[in-house]
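> predicted structure and sequence below. I'll ask about it afterward.
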Amino acid sequence: MHHFDYRNGVLHCEGVSLETLAREVGTPTYVYSDATLRRHYTVLADAFADVHCLIAYAVKANSNLGVVATLAALGAGADVVSGGELKRALAAGVPANRIVFSGVAKTEAEIELGLEQGIHQFNVESLPELHRLARVARRMDKTAPMAFRVNPHVEAAGGHAHISTGGAGDKFGIAWHEAPAFYEVARQLPGVDPVGVGVHIGSQIFRLAPLREAWTKVVALVRQLRERGVGILRVDFGGGLGVPYKPSDDPDSPALYAAQAREVLGDLDVELILEPGRLIAGNAGVLITRIEYVKERDGRTFVILDAGMNDLIRPALYSAHHEVIPVLEPASGASRAPVDLVGPVCESTDRFAKDRPMPPLAEGELVAFMTAGAYGATLSSQYNTRPLVAEALVRGNDYAVVRRRPTFEDMIALERAPDWISGG
């Protein structure tokens, strides 16, 4: 469900015409719907209303301050994977005691920042990280609340091999068989307090069965650890529930997700932590882009856009599908012909879709990439010295530019040619 639809023949985000927004802000631009963000968070929160639950939004999905602040105002926490994301969450109004710090390579400086701010929990992914966390905490005269992220060896859980994180060959978490011994180390180590067990097996999971398998293992581990005297108070079930990118996609619902979580937890008295990202932000955003050229060659039609793989890398990185629709509504029954939708970047992988059936398109027209609110802007770059894509947040009939497009001077402000070049 989202708040993008045609009104009087023009695609709108809530009450704002994307044609008007493109004219005023330029293209390419990401456009996010406040109403969709709020609805998705609220649907999930309502599904877990009877559970002691922290919904820690995965900032990596869409880290724009406007997006994170919108969710923080609803009571969301944050799942962060870097010191920068931690600072973003704080700047957006997320209380430190609702922040979970994940990630496999936390630096001492990042650990210090988390301890200084008093975050809710560190999700630890290795024994060396545990010892670093304890060492820094002791130096600061603090105790770090932590959970091991346990890799349950649930294979092929994600929608693509590159976003599956729960298999034995993935870099994330400690091995399932290591957990009891590692928790015993943590229990006896000054500076850390092992309060939780975490798991996250991947992203874009349509069916709940692999999640059930992973969660069941975690609950059994919690009971085992408690019998051994480890005071586990929290269970982090991660995120991963998929969103529809195609009309035929039919992921299981948040209501079913919540029902399964309650069933698996049973009478286990813990705080439940969830880390949804794509589920909240995915179809809350679109990328609008203008057609620069329509090129015919060797029997193919190339629709060349002003958005490139540096703006939306998911198709190049994951062979990901995004529905692409014209901003001006096509005539009813308009014929469709296969085209390649490509960008201006000097790479053969700068292709969003091949042989995609599209209605007639012409130079200067606008199209929108749907379900682009997650892992779009956050993965963008300035490759080919192209400015970072702009971002706008819509609420009702108003919009705000929540990330401006940088100028060339902005882009090179951190660079300089060394003096010896001109000095001879």
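Received it, and whenever you're ready, just let me know what you need. Numbering: from 1, shown residues only.

> right, and Y257 touches R207 too?
No: the pair Y257 and R207 does not pass the contact test of C-beta atoms under 8 Å, sitting 10.7 Å apart. All C-beta spots, glycine's among them, are computed from the backbone N, C-alpha and C.

> neighbour count winner among the two?
Under the neighbour definition other C-beta atoms under 10 Å, Y257 and R207 were set side by side, and Y257 has more, 23 against 14.

> can you pull the contacts of the more buried one?
Taking C-beta atoms under 8 Å, 6 or more residues apart in numbering as the definition of contact, the neighbours of Y257 are 47, 208, 211, 241.

> again, but for I232
Counting by C-beta under 8 Å, 6+ apart, I232 makes contact with 194-197, 222, 225-226, 270.

> which of the residues you listed are buried? Put it as a ChimeraX command.
Typed into ChimeraX, the next command selects the buried ones out of these (criterion: 16 or more other C-beta atoms under 10 Å):
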select :194,195,196,197,222,225,270
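
> list the buried residues of stretch 68-88.
For stretch 68-88, the buried set under the neighbour-count rule, 16+ other C-beta under 10 Å, comprises 68-72, 76-83, 85-86, 88.

> how about V264: what's its closest non-neighbour residue?
Among residues not flanking V264 along the chain, W215 sits closest, at 4.5 Å (C-beta to C-beta, 6 or more residues apart in numbering).

> just checking, that neighbour touches V197?
No: with contacts defined as C-beta under 8 Å, W215 does not count as touching V197, sitting 10.5 Å away.

> so, low pLDDT: which residues of the chain?
For the chain, the stretches flagged by pLDDT under 70 are 155-171, 423-424.

> do that again at 90, thanks
In the prediction, the chain carries residues with pLDDT under 90 at positions 1, 151-173, 175-177, 201-204, 240, 332-333, 422-424.

> for it, what's the longest helix?
Secondary structure of the chain per DSSP state H: the longest helix is helix 209-227.

> so after it, what's the next helix or strand?
Next helix or strand after helix 209-227 toward the C-terminus (DSSP states H and E): strand 234-238.

> what is that next one packed up against?
Helices and strands in packing contact with strand 234-238 are listed as strand 121-124, strand 144-151, strand 192-198, helix 209-227, strand 271-274; criterion 3 or more C-beta pairs under 8 Å, 6 or more residues apart in numbering; DSSP states H and E.

> what angle separates the third one from strand 234-238?
Comparing the axes of strand 192-198 and strand 234-238 via axes from the mean of the first three to the mean of the last three C-alpha atoms, to 10 degrees yields an angle of 40 degrees.
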